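Peer 1: sequence first, then the predicted structure, then my questions.
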Amino acid sequence: MSEFSKTDYSAVPDVRGHFGPYGGRFVSETLMEALDDLEKLYRTLSADPAFQAEFDRDLAHYVGRPSPLYLAERLTAKVGGAQIYLKREDLNHTGAHKVNNTVGQALLAKHMGKPRVIAETGAGQHGVATATVAARLGLRCQVYMGADDVKRQSLNVYRMKLLGAEVIPVTSGSRTLKDAMNEAMRDWVTNIDDTFYIIGTVAGPHPYPQLVRDFQCVIGREAREQCLIQAGRLPDALVACVGGGSNAIGLFHPFLNDDSVKMYGVEAGGHGISTGEHAAPLSAGQPGVLHGNRTYLMSDEAGQIIETHSVSAGLDYPGVGPEHSWLKDIGRVEYVDATDEEALTAFRELTRVEGIMPALESSHAVAYAMKLAATMRPDEIVVVNLSGRGDKDIHTVAGIDGISI
Amino acid sequence: MSRIKNCFTALQAKGRKALIPYVTAGDPAPEVTLPLMHDLVAAGADIIELGIPFSDPMADGPVIQLAMERALAHHVSLAQVLDMVRRFREDDDKTPVVLMGYLNPIERMGYARFAEAAASAGVDGVLTVDLPPEEATDVSPVFKAQGLDTIFLLSPTTTKERARLICEQASGYVYYVSLKGVTGSSALNVTEVANRLDMLRTVTDLPIGVGFGIRDGASAAAVAAVADGVVVGSVLVNQIAEHASQPELARKGIAAIIGEMRGAMDR
């Protein structure tokens, strides 16, 4: 396993935000100065112990960290293989890992003196997490959300409104997450003087993939320490779902130098990779440029971005964070997929066996982890990132069951 | 010498400024673009910026987003856009054509393959909205080797140091975006633009085109008084949106606007 030890993971991204051939800063000129300013500020603050202490304090007292690492004994017994531990990001304030990042970026906005924040959202978890920190800091907040997602995530839309944010439905393009991100970029370029753009995942132009990763790495740092204390050793495998990929990077990154730890990123297989109706650019796409970075994308022969499909709105995105593209190419992380059906089965299974209702996004990770654990020995350990809670998905699941609630 | 350079040299000799209309290729339908390009020249355009349709035009406002959606409804591809230029060149060997678009369709075709095909079709320059000079160090030489001018954007937020870096890589002309925002925005401040152009002229001798917020003869003339070229897009594309089912009317409307701007700029 010494091949990975030669890679210096702390050397990426480089000064221009490149992860090998991926990442970078592909935006129109008007945004370049703002990104330069953000990069400089972040470089200063990330080396500043006072800023780190402020961030850690918020994570402890506002988010409720550390989140538990929970041994799912009944699920483990049922699967009959490796021990399955769940990293309980669903127990964070607002119910998902997204808040780790919005707390961090809100601190940056505060340091930059910006009175207004904007965000894009798919499932609404990032929108809620942004509206939450905006309410806490008294910042004006507008959230762009695809018109189709507004319909399928009505609970989160109302949560954002209660928190004082304005939700703007986006009707252009495919009316989902990618279009919300286009619209947020357009807003930012227009209101750049007073607005901070809180990007929700490890994608976008440099320095976003880096700073979102850094804020989310608390997941992996805690999980590593907890596993060493609770199990007395490192896990054998990590499993996390990948849409944009922020919860996965957050879990994986602190383990990258631990050669014995295998990592699996689970993309949304939708109706199955062979049907073409999925959201799995790493499994079935090719490199291209979208939303400010070069990365694996779902695009057609002519370079047009194609519409994706997933039962989970949070994974319904044609791109992926550039660091994942790099980790795929160098072979450090294996990218696999779970279909809608597999995710729904895992959703029901975890709910019934452990009394934990996972988000449909996280259910993809649970589905693959169950398959993987079954092939492993009982003395081995799999850590699954349970990135969010499933309350927001109850309408979707009920709809599939033919029940109207 | 490139068509773009020839064009600016000839205009300067006459004391005139370049009028540079933008239309999206294939909007509202592929067969409209070629006659529309000839209309633009007949009405007084000096350079044509031809938009490459893209599914995610992040830097464009609703008017041009919808234009791209209309073109993509006909599956207009980059290869077809190059074919439109090739056919335009059969009857017009003089008017420079600049392709304007986003990187992904070009990257998917392959930089070398695109550059060769574009040059052979008669394209003169390429403006890739989401390709700042920092990321263009591999791409620009490939384009230049085929004689394509690389046109870059400058904006109100561009510092003097960045302007210098950008202009070093640019050729043909540079495109100054007059305001913070997306295409189709209003509220152009000509005094502010004039001040910025004064700064930019200290770092480059390239002609400077100005776009965003130019809507009629008066605003075109005001910008022409301080810039080398006037870029106009959304107000033309609006004509197509209004008459999408009757392209003849759209073409007439566009020719009338270009004619009015030309007259106002030359007065």
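Peer 2: In hand now; what should we look at? None of these values were measured; they are calculated from a predicted model.

Peer 1: how close does the residue in the stretch 301-405 of chain A that chain B sits nearest to get to residue A:398?
Peer 2: In the stretch 301-405 of chain A, the residue found nearest to chain B is residue A:303; the distance is 3.4 Å by Cβ to the nearest Cβ. (C-beta placed from N, C-alpha, C; glycine too.) The gap separating residue A:303 from residue A:398 is 39 Å, by Cβ to Cβ, to the nearest Å.

Peer 1: residues in contact with the strand or helix carrying residue A:324?
Peer 2: Using DSSP states H and E, residue A:324 sits within helix A:322-329. With contacts defined as Cβ atoms under 8 Å, 6 or more residues apart in numbering or on different chains, helix A:322-329 is touched by A:12-13, A:19-24, A:202-203, A:209, A:213, A:242, A:245, A:248-249, A:252, A:263, A:265, A:282, A:287, A:293-296, A:333, A:335.

Peer 1: before we move on, back to that, who's more crowded, residue A:303 and residue A:398?
Peer 2: The neighbour count for residue A:303 versus residue A:398, taken as other Cβ atoms under 10 Å in any protein chain shown, is higher for residue A:303 (24 against 12).

Peer 1: pretty sure the more buried one contacts residue B:114?
Peer 2: No: counting by Cβ atoms under 8 Å, residue A:303 stays clear of residue B:114, with 10.2 Å between them.

Peer 1: quick check: neighbours shared by these two?
Peer 2: B:78, B:106.

Peer 1: for stretch B:95-113, how far is the first residue from the last?
Peer 2: Criterion Cα to Cα, to the nearest Å; first-to-last residue distance in stretch B:95-113 is 24 Å.

Peer 1: buried set for the longest helix that chain A contains?
Peer 2: Secondary structure of chain A per DSSP state H: the longest helix is helix A:29-46. By neighbour count on 16 or more other Cβ atoms under 10 Å in any protein chain shown, the buried set for helix A:29-46 is A:29-36, A:38-39, A:41-42, A:45-46.

Peer 1: what would those look like in CSV with distance to chain B and pLDDT?
Peer 2: Below are these laid out as CSV (distance: Cβ to the nearest Cβ, whole Å; pLDDT from 0 to 100):
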residue, distance to chain B, pLDDT
A:29, 4, 95
A:30, 4, 92
A:31, 8, 94
A:32, 6, 95
A:33, 4, 92
A:34, 7, 92
A:35, 10, 96
A:36, 8, 95
A:38, 13, 96
A:39, 12, 97
A:41, 16, 96
A:42, 18, 97
A:45, 22, 97
A:46, 22, 95
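
Peer 1: quick one: the helices in the stretch 1-150 of chain B?
Peer 2: B:3-14, B:30-43, B:62-73, B:78-91, B:103-109, B:111-121, B:139-145 (DSSP state H, counting those that start in this stretch).

Peer 1: among these, which is nearest chain A?
Peer 2: helix B:103-109 (3.4 Å).

Peer 1: which elements pack onto the closest one?
Peer 2: strand A:286-290, helix B:78-91, strand B:125-128 (3 or more Cβ pairs under 8 Å, 6 or more residues apart in numbering or on different chains; DSSP states H and E).

Peer 1: show residues contacting that helix.
Peer 2: For helix B:103-109, using Cβ under 8 Å, 6+ apart, the contacting residues are A:26, A:287-290, A:297, A:299, A:301-305, B:52, B:54, B:77-79, B:114, B:117, B:126, B:128, B:130-131.

Peer 1: mean confidence for that helix?
Peer 2: Computed over helix B:103-109, the mean pLDDT rounds to 98.

Peer 1: quick one: the strands in the stretch 201-350 of chain A, in order.
Peer 2: A:237-241, A:262-270, A:286-290, A:292-297, A:334-339 (DSSP state E, counting those that start in this stretch).

Peer 1: list the contacts for the residue nearest to residue A:189 when sequence neighbours are not counted?
Peer 2: Leaving aside its sequence neighbours, residue A:189 sits nearest to residue A:30 (Cβ to Cβ, 6 or more residues apart in numbering or on different chains; 5.0 Å). For residue A:30, the contact set (Cβ under 8 Å, 6+ apart) comprises A:189, A:192, B:153, B:155-157, B:177, B:180-181.

Peer 1: make it 7 Å
Peer 2: Taking Cβ atoms under 7 Å, 6 or more residues apart in numbering or on different chains, we find residue A:30 in contact with A:189, A:192, B:155, B:157, B:177, B:180.

Peer 1: ok, residue A:309 next?
Peer 2: Taking Cβ under 7 Å, 6+ apart as the test, what residue A:309 contacts is A:270-271, A:277-279, A:316.

Peer 1: from those residues, which is closest to residue A:58?
Peer 2: residue A:316 (29.6 Å; Cβ to Cβ).

Peer 1: contacting residues for residue A:241?
Peer 2: A:247-248, A:266, A:315, A:361-362, A:364-365, A:387.

Peer 1: can you list the residues you listed in TSV and add pLDDT and neighbour count?
Peer 2: Shown next, in TSV, are those (pLDDT from 0 to 100; neighbours: other Cβ atoms under 10 Å in any protein chain shown):
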residue	pLDDT	neighbour count
A:247	98	34
A:248	98	36
A:266	98	33
A:315	94	31
A:361	97	32
A:362	98	35
A:364	98	36
A:365	99	31
A:387	98	33
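
Peer 1: and these, which is closest to residue B:209?
Peer 2: residue A:315 (42.4 Å).

Peer 1: now do the contacts for the closest one.
Peer 2: Neighbours of residue A:315 in contact, by Cβ under 7 Å, 6+ apart: A:241, A:243, A:268, A:279, A:361, A:364.

Peer 1: got JSON lines for those, with distance to residue A:377 too?
Peer 2: Output for those, formatted as JSON lines (distance: Cβ to Cβ, whole Å):
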{"residue": "A:241", "distance to residue A:377": "25"}
{"residue": "A:243", "distance to residue A:377": "31"}
{"residue": "A:268", "distance to residue A:377": "29"}
{"residue": "A:279", "distance to residue A:377": "33"}
{"residue": "A:361", "distance to residue A:377": "29"}
{"residue": "A:364", "distance to residue A:377": "24"}
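
Peer 1: grab the nearest non-local neighbour of residue A:273.
Peer 2: That would be residue A:284: by Cβ to Cβ, 6+ apart, it lies 5.3 Å from residue A:273.

Peer 1: which residues does the residue nearest to residue B:98 when sequence neighbours are not counted bridge with?
Peer 2: Spatial nearest neighbour of residue B:98, excluding adjacent residues (Cβ to Cβ, 6+ apart): residue B:125 at 4.1 Å. Beta-bridge pairing for residue B:125 (DSSP bridges): residue B:98, residue B:149.

Peer 1: what about residue B:125, how many residues nearby?
Peer 2: 25.

Peer 1: that one reaches residue B:170, doesn't it?
Peer 2: No: applying Cβ atoms under 7 Å, one finds residue B:125 not in contact with residue B:170, separated by 9.8 Å.

Peer 1: overlap in contacts, the two.
Peer 2: With Cβ under 7 Å, 6+ apart, residue B:125 and residue B:170 have common neighbours residue B:151.

Peer 1: residues from chain B in reach of chain A?
Peer 2: B:54-56, B:58-59, B:65, B:72, B:77-78, B:103-105, B:107-109, B:129-132, B:134-135, B:153-155, B:157-159, B:162, B:177, B:180-182 (Cβ under 7 Å from any Cβ of the partner chain).
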